[in-house]
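# What follows is a predicted protein model with its sequence.
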Amino acid sequence: MIYVIGHKSPDTDTVVSAVAYAHLMGEDYQPLVAGDLNLESAFVLEKFDIDIPKKLASVSKENKFFLVDHNEKSQRLNGITEENIVGILDHHKMDFCNYCPIDIIIKPCGSSCTIIAEMFFDKGIKLDKNMAGALLAGILSDTVIFKSPTCIDLDINIANKLADIAGISDINAFGMELFSKKSEIQNKTDEEIINNDFKEFDIKDKKIGVGQVELADASLVMARKENILKKQKEILERDNYFAIILMVTDIIKEGSYLWIVGDNLIFDVFENDMQSTKFYEGLMSRKKQILPKLSNI
């Protein structure tokens, strides 16, 4: 059995990618998740009548994994090593090295679901209505309804094909329905908000965490800024981070606030400080707009 699994703190793209790739490859592949589902992902699986993938209790050296939507060591489920990995499908930068050839599928698009849906189409494998809808949700979530700078024409073209199969006539309205679920943060703790979509990066031997909360109205979380920054600082000290950044992204205004704790170098990079109320117009993507700046520290 080959386990198909996405990154820690799973989002909709990573969850649906695992399910869809395992479905594409057949009975020898089983989807897993590396953490609890967020509200949006749970909504998508329920809406399209897809079973929630299991969480793996522990990893043994005999386990074989196919990674989707990530490849960096810091984002893998704890215990997965290069020796366990038989393949990778991703749309992020490569930071992976091992000592034997494996299958690697990388495309610079906005969503891993785009790559997998294209594989279904190229292979002539029929997608049912529910799987098409779930793949569409993954694309809309990761491209922020096509507003992210990571989005390319392929994402939009594939999304339109999936919408036709799923019987979704208004893609934008469906996308806003997804983000309304993502915006339901009232009952989340400060740490849950930080970890909602959190990725860890090793940049020049510095451990940096970057989270993102995407909201239809960023004012929903603004009143909690002081407490969330305090919790970020606790996590930074507890887990020995160089810096932690939380992107508070307003999908309607198409930009983000950056809440930062850590070394002064990070504040300098973004011309920011802990008390900053600066709104970065057009800042939507961790991958394309935050990480390149961090690579210069």
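Done, it's in.
# quick check, Asp217 in a helix?
No: counting by DSSP: H, G, I helix; E, B strand; the rest coil, Asp217 falls outside a helix, being coil.
# Could you tell me the per-residue confidence at Asp274?
One correction, residue 274 is Met, not Asp. Met274 carries a pLDDT value of 66.
# Show me where the stretch 51-200 of the chain has its helices.
112-123, 129-142, 153-166, 171-182, 190-195 (DSSP state H, counting those that start in this stretch).
# In CSV: the ones you listed, plus mean pLDDT.
CSV is the format used below for these (pLDDT from 0 to 100):
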stretch, mean pLDDT
helix 112-123, 98
helix 129-142, 98
helix 153-166, 98
helix 171-182, 93
helix 190-195, 93
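# if you compare those, which one is most tucked away?
Most buried of these, by mean neighbour count (mean count of other Cβ atoms under 10 Å): helix 129-142, with a mean of 26. Bear in mind the C-beta positions are built from the backbone N, C-alpha and C, glycine included.
# who wins for proximity to Phe201 among the helices of the stretch 51-200 of the chain?
Minimum separation from Phe201 across these (Cβ to Cβ) falls at helix 190-195, 15.1 Å.
# quick one, strands of the stretch 151-297 of the chain?
198-203, 206-215, 243-250, 255-262, 279-281 (DSSP state E, counting those that start in this stretch).
# And Pro31, its phi and psi?
Phi and psi for Pro31, reported as degrees, to the nearest 10, are phi -80, psi 140.
# who's it bridged to?
For Pro31, the beta-bridge partners are Val4 (DSSP bridges).
# Could you double-check that it lies in contact with Thr14?
No: judged on Cβ atoms under 8 Å, Pro31 makes no contact with Thr14 at a distance of 10.5 Å.
# Name the residue in the two with the higher neighbour count.
The residue with more neighbours, out of Pro31 and Thr14, is Thr14; 29 against 24, by other Cβ atoms under 10 Å.
# Flag the shaky bits of the chain, pLDDT-wise.
Applying pLDDT under 70 to the chain picks out residues 274-275.
# Got the domain ranges for it?
Using automatic domain parsing, the domain parsing of the chain gives 2-179, 190-294.
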